[in-house]
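K.L.:
the sequence and its predicted three-dimensional model are supplied below.
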Amino acid sequence: MHLNTMKCLSLAALIAALPTLAVAAEPQGVWQGLIQQANSDVALRLTFAPQLIRLHFNEPLSCDVPARFLKADGDTLIYRFAPSVNGGRFCDGVLNHDLRIKVAAEPKRELDLVFDGPRSTWHGRLAPVTSP
């Protein structure tokens, strides 16, 4: 009887750990690529820090905004945009919107992201910046 109890407890511990095994790990370093909506493309650079991303949107948006880690939902990481660093209509307009990031499986090492901007939904794919 004792052996069956131990097996049941071990199985219960394994089942309890399964949701945490499916959670994506937070990326690290600097990532860049293009984001799009309708007919607009904008270069984006992300810099990851613990529990935080710093986003730099190139021309024509020309603004910087942080996003704080909110939660993991399976293999998707969700961040919430904070107040912009240098203002600008676009970056001010994403305040309190969610940024959803999905880490692509190896070997590509890419990030797929989606977020709602002031007027439309943006999406893109970013790659890590490698040092020469």
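P.N.:
On my side now, so go ahead. Residues are numbered from 1 along each chain as shown.
K.L.:
run through the residues that contact the residue nearest the centre of the chain.
P.N.:
Centroid-nearest residue in the chain, with Cα atoms, centre = their mean: Ile101, separated by 3.1 Å. Shown in contact with Ile101 (Cβ atoms under 8 Å, 6 or more residues apart in numbering): 27, 76-79, 111-113. For glycine as for every other residue, the C-beta is placed from the backbone atoms N, C-alpha and C.
K.L.:
switch those residues over to a markdown table; also include neighbour count.
P.N.:
A markdown table is the format used below for the contacts of Ile101 (neighbours: other Cβ atoms under 10 Å):
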| residue | neighbour count |
| --- | --- |
| Pro27 | 17 |
| Thr76 | 16 |
| Leu77 | 23 |
| Ile78 | 15 |
| Tyr79 | 24 |
| Leu111 | 20 |
| Asp112 | 15 |
| Leu113 | 24 |
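K.L.:
still on that earlier bit, in terms of helices and strands, where is the residue nearest to the centre of the chain?
P.N.:
According to DSSP states H and E, Ile101 maps onto strand 98-103.
K.L.:
partners of that strand in the sheet?
P.N.:
strand 76-81 (antiparallel), strand 111-116 (antiparallel) (DSSP bridges).
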